[in-house]
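> Structure for this input, please:
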Amino acid sequence: MSSAASARSGDFSIGEVLAQLRPEFPDVTISKIRFLEAEGLVEPRRAPSGYRKFTHADIERLRFVLTAQRDHYLPLRVIKEHLDALDRGQEPPPLPGGRLPTAPPPRVLRGGEEYTHPDAFRRTRAERRFTRQELIEAADIKPETFEQLESYGLIRPRYGRDHYDEDALQIARTAGELAAFGLEPRHLRIFRTAADRQVGLIEQLMAPLTRQHGPDSRARVQERVRELAALSVRLHALLMKADLDT
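Prediction:
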């Protein structure tokens, strides 16, 4: 893919990212970018070929990290705490060294269109966890709204009985936005029911593959599940668009 095509698609190779950062950070290398990825400061998606694909937001995140290191001499641990707070929708902790550059966009916020790509269903290594109170604050919803969402099965703890993942945060935020249109959690049960039916259908289709044995069988099943899930979301969105367009 050419540089112009990459700019249009929003997918950049690690070499293209390096070319964008080098004018401002002459010492940056591919090894440095890989190191920052290993430390959880940036998480590019992986193409089916295995190559890293960076977005504009990933590049801005790298620019923020490199600037904080160069101009403010901050250790990566402190920079990561700052970015993690931003990702969780919280006020970042105070940082030494004066005013930092403009903060990058949160890493984990995923819009509806991005769920039409199989990689949107891939869990990252640095999946963040939220307590009940942290999720309520990050989603900016009322405690009673959270309780209703949980009682209707729209939000479920993922880590033990009282810790939630990033998907739960996005569900809570979306439910909060829908509430502005008069949709209460009880109205959203139809989405839970529809999702459960789609998951059941995908599991039924994948059942023959799950019975296979071999080192690659699990990875193959997971990839197929992600593809089916993304196609299901795309079809649902297109059907709604077709019916609502007048």
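
> Show me what the longest helix along the chain is packed against.
In the chain, assigned by DSSP state H, the helix with the most residues is helix 217-244. Under the contact definition 3 or more Cβ pairs under 8 Å, 6 or more residues apart in numbering; DSSP states H and E, helix 217-244 sits against helix 189-210. Where you see a C-beta, it was placed from the backbone N, CA and C, and this is true even at glycine.

> Mind jotting down where the helices sit in this protein?
3-9, 14-21, 30-38, 56-72, 76-87, 132-139, 143-151, 166-179, 189-210, 217-244.

> what's the angle between the longest helix of the chain and helix 189-210?
For helix 217-244 against helix 189-210, the angle by axes from the mean of the first three to the mean of the last three Cα atoms, to 10 degrees is 150 degrees.

> what mean pLDDT does helix 217-244 have?
Averaged across helix 217-244, pLDDT comes to 84.

> thinking again about what came up before, looking at the helices of the chain, which has the lowest confidence?
Ranked by mean pLDDT, these bottom out at helix 3-9, with a mean of 48.

> Quick check: the closest residue to residue 79 other than its chain neighbours vs residue 241, distance?
Once flanking residues are discounted, residue 79 sits nearest to residue 68: 5.0 Å by Cβ to Cβ, 6 or more residues apart in numbering. To residue 241, residue 68 is 42 Å away according to Cβ to Cβ, to the nearest Å.

> More neighbours: which of the two?
Under the criterion of other Cβ atoms under 10 Å, the comparison of residue 68 against residue 241 puts residue 68 first, with 21 against 9.

> burial count for residue 170?
Residue 170: 17 neighbours (other Cβ under 10 Å).

> no no, residue 232
Counted with other Cβ under 10 Å, residue 232 comes out at 18.

> same question, residue 45
Neighbour tally, residue 45, other Cβ under 10 Å: 18.

> Please spell out which residues along stretch 236-246 are buried.
For stretch 236-246, a neighbour-count test (16 or more other Cβ atoms under 10 Å) marks residue 236 as buried.

> And for stretch 225-238?
By neighbour count on 16+ other Cβ under 10 Å, the buried set for stretch 225-238 is 225, 226, 228, 229, 230, 232, 233, 236.

> cool, and stretch 78-85?
Here stretch 78-85 shows 79, 80, 82, 83, 84, 85 as buried, counting by 16+ other Cβ under 10 Å.

> Can you lay out those residues as a markdown table showing distance to residue 150?
Putting the buried residues of stretch 78-85 into a markdown table (distance: Cβ to Cβ, whole Å) gives the following:
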| residue | distance to residue 150 |
| --- | --- |
| 79 | 34 |
| 80 | 30 |
| 82 | 30 |
| 83 | 28 |
| 84 | 24 |
| 85 | 24 |
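
> which one of the residues you listed is nearest residue 128?
Lowest distance from residue 128 to those (Cβ to Cβ) belongs to residue 84, with 6.8 Å.

> The closest one and residue 130 touch, don't they?
No. Assessed by Cβ atoms under 8 Å, residue 84 is found out of contact with residue 130, at 11.4 Å.

> Noted, bye for now.
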